[in-house]
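S.K.: Turn this into a structure:
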Amino acid sequence: MAVKGLNLVWIVVKDIHNAIKFYTQSVGMKLLTFEEKYGWAELTGKDGGAMLGIAQQSEMETILPGQNGVITLSVDEIETRVAEMIQRGVRKKGEMIVIPGHVKLQMMVDPDGNHFQIVETLTE
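M.R.: Residues are numbered from 1 along each chain as shown. Below is the predicted model:
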(Lines give C-alpha, C1' and ligand atoms only; values in the text may rest on other atoms or scores of the structure.)
Protein backbone atom coordinates (compact mmCIF):
# COMPACT_ATOMS: atom_id res chain seq x y z
CA MET A 1 0.00 0.00 0.00
CA ALA A 2 1.27 3.45 -0.86
CA VAL A 3 0.22 6.24 1.48
CA LYS A 4 0.25 9.53 -0.42
CA GLY A 5 0.72 11.74 2.63
CA LEU A 6 -0.27 12.73 6.14
CA ASN A 7 -2.34 15.84 5.59
CA LEU A 8 -4.79 15.96 8.44
CA VAL A 9 -5.33 15.03 12.08
CA TRP A 10 -8.79 15.57 13.50
CA ILE A 11 -10.54 15.74 16.82
CA VAL A 12 -14.14 15.58 18.01
CA VAL A 13 -15.54 18.52 19.98
CA LYS A 14 -18.72 19.24 21.94
CA ASP A 15 -19.37 22.62 20.29
CA ILE A 16 -17.77 23.25 16.93
CA HIS A 17 -18.41 27.01 17.05
CA ASN A 18 -16.59 27.33 20.37
CA ALA A 19 -13.78 25.10 19.08
CA ILE A 20 -13.31 27.24 15.97
CA LYS A 21 -13.18 30.33 18.15
CA PHE A 22 -10.65 28.67 20.49
CA TYR A 23 -8.32 27.41 17.75
CA THR A 24 -8.42 30.66 15.76
CA GLN A 25 -8.42 33.25 18.55
CA SER A 26 -6.62 31.48 21.39
CA VAL A 27 -4.25 29.19 19.50
CA GLY A 28 -3.74 31.39 16.42
CA MET A 29 -4.71 28.99 13.64
CA LYS A 30 -6.35 30.03 10.38
CA LEU A 31 -9.83 28.73 9.46
CA LEU A 32 -9.74 27.22 5.97
CA THR A 33 -13.23 25.77 5.68
CA PHE A 34 -16.35 25.32 7.79
CA GLU A 35 -19.08 22.98 6.58
CA GLU A 36 -21.79 23.54 9.18
CA LYS A 37 -24.12 21.05 7.44
CA TYR A 38 -21.56 18.28 8.04
CA GLY A 39 -20.30 19.58 11.40
CA TRP A 40 -16.77 19.90 10.04
CA ALA A 41 -14.05 22.57 10.01
CA GLU A 42 -10.44 22.59 8.83
CA LEU A 43 -7.72 24.87 10.17
CA THR A 44 -4.02 25.32 9.51
CA GLY A 45 -1.06 27.34 10.69
CA LYS A 46 0.18 30.51 9.02
CA ASP A 47 2.64 28.55 6.87
CA GLY A 48 0.14 25.87 5.81
CA GLY A 49 1.22 22.26 6.12
CA ALA A 50 -0.91 19.61 7.78
CA MET A 51 -4.40 20.60 8.79
CA LEU A 52 -6.38 20.21 11.99
CA GLY A 53 -9.88 18.92 11.39
CA ILE A 54 -12.62 19.56 13.92
CA ALA A 55 -15.71 17.35 13.94
CA GLN A 56 -18.90 18.18 15.82
CA GLN A 57 -19.91 15.42 18.25
CA SER A 58 -22.91 13.61 16.76
CA GLU A 59 -24.75 10.29 16.72
CA MET A 60 -22.91 9.43 13.49
CA GLU A 61 -19.48 9.82 15.17
CA THR A 62 -18.63 7.18 17.78
CA ILE A 63 -15.49 8.94 19.00
CA LEU A 64 -16.25 11.30 21.86
CA PRO A 65 -14.63 14.65 22.60
CA GLY A 66 -11.29 14.25 24.34
CA GLN A 67 -10.75 10.61 23.38
CA ASN A 68 -8.03 11.04 20.76
CA GLY A 69 -6.92 12.71 17.57
CA VAL A 70 -7.44 10.65 14.45
CA ILE A 71 -4.59 10.19 11.98
CA THR A 72 -5.85 10.55 8.42
CA LEU A 73 -3.94 8.85 5.60
CA SER A 74 -4.62 9.91 2.01
CA VAL A 75 -4.79 7.14 -0.60
CA ASP A 76 -5.96 6.47 -4.14
CA GLU A 77 -8.50 3.68 -4.74
CA ILE A 78 -9.75 3.52 -1.15
CA GLU A 79 -11.76 0.33 -1.63
CA THR A 80 -8.62 -1.52 -2.77
CA ARG A 81 -6.48 -0.10 0.06
CA VAL A 82 -9.06 -1.01 2.72
CA ALA A 83 -9.36 -4.55 1.35
CA GLU A 84 -5.55 -4.91 1.44
CA MET A 85 -5.45 -3.74 5.06
CA ILE A 86 -8.20 -6.15 6.10
CA GLN A 87 -6.25 -9.00 4.47
CA ARG A 88 -3.28 -7.97 6.62
CA GLY A 89 -5.36 -8.16 9.80
CA VAL A 90 -6.26 -4.50 10.26
CA ARG A 91 -9.72 -4.02 11.77
CA LYS A 92 -12.27 -1.89 9.95
CA LYS A 93 -14.66 0.15 12.09
CA GLY A 94 -18.06 0.94 10.67
CA GLU A 95 -18.94 1.44 7.06
CA MET A 96 -17.35 3.73 4.51
CA ILE A 97 -18.73 7.27 4.52
CA VAL A 98 -19.03 9.03 1.19
CA ILE A 99 -19.51 12.78 0.99
CA PRO A 100 -20.34 13.21 -2.71
CA GLY A 101 -17.92 15.41 -4.59
CA HIS A 102 -15.57 15.64 -1.59
CA VAL A 103 -14.22 12.48 0.05
CA LYS A 104 -14.61 8.80 0.86
CA LEU A 105 -13.70 7.92 4.47
CA GLN A 106 -13.07 4.60 6.21
CA MET A 107 -12.21 4.33 9.89
CA MET A 108 -9.70 1.63 10.86
CA VAL A 109 -8.30 0.55 14.25
CA ASP A 110 -4.71 -0.27 15.17
CA PRO A 111 -3.75 -3.09 17.59
CA ASP A 112 -3.86 -0.69 20.56
CA GLY A 113 -7.36 0.52 19.78
CA ASN A 114 -6.27 3.84 18.24
CA HIS A 115 -8.42 4.97 15.35
CA PHE A 116 -7.01 6.05 12.02
CA GLN A 117 -8.82 6.98 8.88
CA ILE A 118 -8.15 6.16 5.25
CA VAL A 119 -9.31 8.95 2.90
CA GLU A 120 -9.70 9.29 -0.83
CA THR A 121 -10.25 12.83 -2.09
CA LEU A 122 -12.90 12.94 -4.80
CA THR A 123 -12.07 16.47 -5.99
CA GLU A 124 -8.75 18.15 -6.54
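S.K.: And the host helix or strand of residue 18, what does it pack against?
M.R.: Here residue 18, judged by DSSP states H and E, is contained in helix 16-21. If you count contacts as 3 or more Cβ pairs under 8 Å, 6 or more residues apart in numbering; DSSP states H and E, helix 16-21 packs onto strand 30-35, strand 40-45, strand 48-56. In this view, the C-beta of every residue, glycine as well, is placed from N, C-alpha and C.
S.K.: Report the buried residues of that helix.
M.R.: By neighbour count on 16 or more other Cβ atoms under 10 Å, the buried set for helix 16-21 is 16, 19, 20.
S.K.: Which of the residues you listed sits closest to residue 122?
M.R.: Set against residue 122, the nearest of those by Cβ to Cβ is residue 16 (22.8 Å).
S.K.: pretty sure that closest one is in contact with residue 38, am I right?
M.R.: No: using Cβ atoms under 8 Å, residue 16 is not in contact with residue 38; the gap is 10.1 Å.
S.K.: circling back: just send the helices and strands packed on helix 16-21 back as TSV, with distance to residue 73, mean pLDDT and mean neighbour count too.
M.R.: Shown next, in TSV, are the helices and strands packed on helix 16-21 (distance: least, Cβ to Cβ, whole Å; pLDDT from 0 to 100; neighbours: other Cβ atoms under 10 Å):
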stretch	distance to residue 73	mean pLDDT	mean neighbour count
strand 30-35	19	95	13
strand 40-45	16	92	18
strand 48-56	12	87	17
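S.K.: Just send these back as CSV, with distance to residue 69 too.
M.R.: CSV is the format used below for the helices and strands packed on helix 16-21 (distance: least, Cβ to Cβ, whole Å):
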stretch, distance to residue 69
strand 30-35, 17
strand 40-45, 13
strand 48-56, 9
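S.K.: Now tell me which helix or strand of this protein has the poorest mean pLDDT.
M.R.: strand 70-74 (a mean of 81; mean pLDDT, DSSP states H and E).
S.K.: now for that strand, which elements pack on it?
M.R.: Applying 3+ Cβ pairs under 8 Å, 6+ apart, we find strand 70-74 packed against strand 5-13, strand 115-121.
S.K.: Residue 54 is nearest to which of these?
M.R.: Comparing the helices and strands packed on strand 70-74 by their distance to residue 54 (Cβ to Cβ), the top pick is strand 5-13, with 5.6 Å.
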